[in-house]
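Undergrad: Make a model of this:
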Amino acid sequence: MAIMDGWFLVNIVGPLLLPVAGILPLRLLPLQSTPEGLRLMTPVKDGQLCWASIAMAISSIYEIWKALVAHRDLAPWGGVALAAAIVVMLPAMVIAAGGAAFNTPLLETSSEGVGAWMAHFRVFGMSAVLTAATAAIDTSLHVALAQ
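TA: Numbering: from 1, shown residues only. Sure, this is the predicted structure:
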């Protein structure tokens, strides 16, 4: 599974973790108090993960198209994966655009539990689910087409 070594880091892990990791050095600044904008939830709370989801879906569509043009055999589930990439990409586009237009305020503390936290950050929750689905589709396609 040597194909997965660099590909997975560059195409899945990097786009998902680097934007969040970009906030960490800013937290080292000698500020009197940590500004609200430097919380780890800030770069993902408004559906920003969906931007990575859109890129992964486009990558999946490209890999399928490239295989079809080269007249390579697709796995029997290749058509389903293509449809799934398109179907997942459409709500991801709406969530990413909506998150750019509408801001979700950060919670001070959530003593009401995970349910209240997820209700407040439901856009983040939806974007995380869509992004996980797209990452699974993209990875499965890449592995199947690389063999």
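
Undergrad: Show me where this structure has its helices.
TA: Per DSSP state H, the chain carries helices over the ranges 3-8, 14-21, 23-26, 49-69, 78-101, 114-120, 122-146.

Undergrad: Format the ones you listed as TSV; extra columns: mean pLDDT and distance to residue 36.
TA: All C-beta spots, glycine's among them, are computed from the backbone N, C-alpha and C. Below are these laid out as TSV (pLDDT from 0 to 100; distance: least, C-beta to C-beta, whole Å):
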stretch	mean pLDDT	distance to residue 36
helix 3-8	75	33
helix 14-21	86	16
helix 23-26	80	12
helix 49-69	92	20
helix 78-101	92	17
helix 114-120	83	15
helix 122-146	92	16
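
Undergrad: Select, out of these, the one closest to residue 42.
TA: Residue 42 lies closest, by C-beta to C-beta, to one member of those: helix 23-26, at 6.6 Å.

Undergrad: Name the residues that touch the closest one?
TA: Helix 23-26 has contacts (C-beta atoms under 8 Å, 6 or more residues apart in numbering) with 38-40, 42-43.

Undergrad: Can I get the residues you listed in TSV including neighbour count?
TA: As requested, these are exported to TSV (neighbours: other C-beta atoms under 10 Å):
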residue	neighbour count
38	16
39	14
40	12
42	16
43	17
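
Undergrad: before we move on, back to that, looking at the helices of the chain, spot the one closest to residue 32.
TA: That would be helix 23-26 among the helices of the chain, by C-beta to C-beta, at 14.6 Å.

Undergrad: coming back round to it: any chance of a markdown table for the contacts of helix 23-26, columns distance to residue 11 and pLDDT?
TA: Output for the contacts of helix 23-26, formatted as a markdown table (distance: C-beta to C-beta, whole Å; pLDDT from 0 to 100):
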| residue | distance to residue 11 | pLDDT |
| --- | --- | --- |
| 38 | 28 | 75 |
| 39 | 27 | 78 |
| 40 | 23 | 78 |
| 42 | 24 | 83 |
| 43 | 19 | 84 |
